[in-house]
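Engineer: My questions concern the predicted model and sequence given below.
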Amino acid sequence: MMTDEPGRDASDALAPIRLRDMGAFHVGGREVSLSGLPRREVVMAEGGQPVALDPNGTYRVEQMYAQYFLAEPASGRPPLAFWHGGGMTGAAWETTPDGRQGWLHAFLRRGWDAYLCDAVERGRSGYAPVPEIWTEGPIVQAQEDCYTRFRIGRPGTRPGPGSAYGNTQFPVQAFGELAAQMVPRWVHTDAAVLRGYLALLERVGRMIVICHSQAGVFGIRAAAARPDLVRAVVALEPASIPQLDAGYRTPTLVLMGDNMDTDPRWPRMRERVRDFARRHPCVTLLSLPELGIAGNSHMLMMDRNSLDLAARVHEWLMTLPPA
């Protein structure tokens, strides 16, 4: 069992966070050369002189950005890798939409080192020219889609306190701040995204992956591909479960929220998760409604009880034997 420091209440107190280091880097990527493209003249800044832009040349694409925070003192535990969901960036784990401290803060206070990632094609990782390198453009999600698909409000409603689920844990008054986090996403880049995450593991070494939604698939795939580099997976409502053979043995905790029965997508996903847990003894399913915890949305790390959920995850991680 990993060594622990003070329990849930003490860890949630807002004492100063102490770091022994912080920084950032990029991993992975590839170079692509383009030729035969027309040159054009552009003005780069207001009042500037026209510049002849030649798009022919070599481009670095499909790299991934990671920002790290190393807690003081060092705990000796594997570091945490935070992988965000679709249309989001590493900001999802930072300050919550209503201004509370997020999971990054919660786990740093408990002595965990943390690596926040912007997946390939997201945020500070950048994206590739379209259609010259990537053949498809991005998807940008409407606020109404996010509001209902993330189970903050019922299908067919618009954002606002009057349309939210009555028991919702999401801070509805701050939905606009969540909408401000949403960025373009692509739907044909899964292989490149997974390569970026694997490159992070190869650089840092053995890690615990905390992943949300779309990244749940990548976290489980990474654990299946490199069990030597993934100590455990914590998946918050994974968007799907990949096909795995019986050899999957990475300790995996899956958290599921509430209000899933009003949209047919979510019960199907919930059943896939339950089947995943039935087939693999290493998987623990934490269904919050079955524990008497009501109202959690798809955005578990932003909900009003997010620190309590972080404490539960921490407690589960502390039960893992040294490896």
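Structural biologist: Yep, it's here.
Engineer: which residue packs closest to the residue of the chain most remote from its centre, ignoring adjacent ones?
Structural biologist: Distance from the C-alpha centroid of the chain peaks at residue 49, with 41.5 Å (C-alpha atoms, centre = their mean). Spatially, and ignoring its direct neighbours in sequence, residue 49 is nearest to residue 43 (7.4 Å; C-beta to C-beta, 6 or more residues apart in numbering). All C-beta spots, glycine's among them, are computed from the backbone N, C-alpha and C.
Engineer: rewinding a little: isn't the residue farthest from the centre of the chain right next to residue 42, touching?
Structural biologist: No: proximity of residue 49 to residue 42 does not meet the contact threshold set by C-beta atoms under 8 Å, at 10.5 Å.
Engineer: what's the spacing between the residue nearest to the spatial centre of the chain and residue 230?
Structural biologist: Centre of the chain computed as the mean C-alpha position; nearest residue by C-alpha atoms, centre = their mean is residue 84, 1.4 Å away. Between residue 84 and residue 230 the computed distance is 17 Å (C-beta to C-beta, to the nearest Å).
Engineer: ditto for residue 309
Structural biologist: Residue 309 is 21 Å from residue 230, by C-beta to C-beta.
Engineer: who's more crowded, those two?
Structural biologist: Neighbours of residue 309 and residue 230, each counted by other C-beta atoms under 10 Å, are more numerous for residue 230; the result is 26 against 22.
Engineer: Please name the residues that touch the more buried one.
Structural biologist: By C-beta atoms under 8 Å, 6 or more residues apart in numbering, the contact set of residue 230 is 201, 206-209, 219, 222-223, 250.
Engineer: Spatially nearest residue to it (excluding sequence neighbours)?
Structural biologist: Spatially, and ignoring its direct neighbours in sequence, residue 230 is nearest to residue 223 (4.0 Å; C-beta to C-beta, 6+ apart).
Engineer: I'd say that neighbour and residue 247 touch.
Structural biologist: No: Residue 223 lies out of contact with residue 247 (C-beta under 8 Å); the separation is 11.1 Å.
Engineer: So which of the two has more stuff around it?
Structural biologist: The neighbour comparison of residue 223 against residue 247 (other C-beta under 10 Å) goes to residue 223, with 25 against 8.
Engineer: Surely the more buried one is in a strand?
Structural biologist: No: counting by DSSP: H, G, I helix; E, B strand; the rest coil, residue 223 is not part of a strand but helix.
Engineer: what about residue 206, neighbour count?
Structural biologist: Neighbour tally, residue 206, other C-beta under 10 Å: 15.
Engineer: Okay, it and residue 195: tell me how far apart.
Structural biologist: From residue 206 to residue 195 the distance is 19 Å (C-beta to C-beta).
Engineer: cool, and residue 248?
Structural biologist: Taken as C-beta to C-beta, the span from residue 248 to residue 195 is 20 Å.
Engineer: One more: residue 265?
Structural biologist: 28 Å.
Engineer: and those two? which has more neighbours close in?
Structural biologist: Remark: of residue 265 and residue 195, residue 195 carries more neighbours, 18 against 12, as counted by other C-beta under 10 Å.
Engineer: what about that one, helix or strand, and which?
Structural biologist: Per DSSP states H and E: residue 195 is located in helix 190-204.
Engineer: Show me the contact partners of that helix.
Structural biologist: Contacts for helix 190-204 (C-beta under 8 Å, 6+ apart): 25, 27-29, 62-64, 66, 79, 81, 83, 115, 117, 119-121, 125, 207, 217-219, 221-222, 225-226, 229-230.
Engineer: I would like a ChimeraX command selecting only the buried ones among the residues you listed, please.
Structural biologist: Of the contacts of helix 190-204, the buried ones go into a single ChimeraX selection, burial set by 16 or more other C-beta atoms under 10 Å:
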select :27,28,29,62,63,64,66,79,81,83,115,117,119,120,121,125,207,217,218,219,221,222,226,229,230
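Engineer: Next step: the contacts of helix 190-204 restricted to strands.
Structural biologist: Filtering the contacts of helix 190-204 for membership in strands, criterion DSSP state E, returns 25, 27-29, 62-64, 66, 81, 83, 115, 117, 207, 230.
Engineer: Now flag whichever of those is closest to residue 147.
Structural biologist: Checking the ones in strands among the contacts of helix 190-204 against residue 147 by C-beta to C-beta gives residue 83 as the nearest, at 23.1 Å.
Engineer: give the contact list for that closest one.
Structural biologist: Residues in contact with residue 83 (C-beta under 8 Å, 6+ apart) are 117, 119, 197, 209-212, 215, 218-219.
Engineer: Show me which of these is closest to residue 150.
Structural biologist: Out of those, the member with the shortest distance to residue 150 (by C-beta to C-beta) is residue 212, at 10.8 Å.
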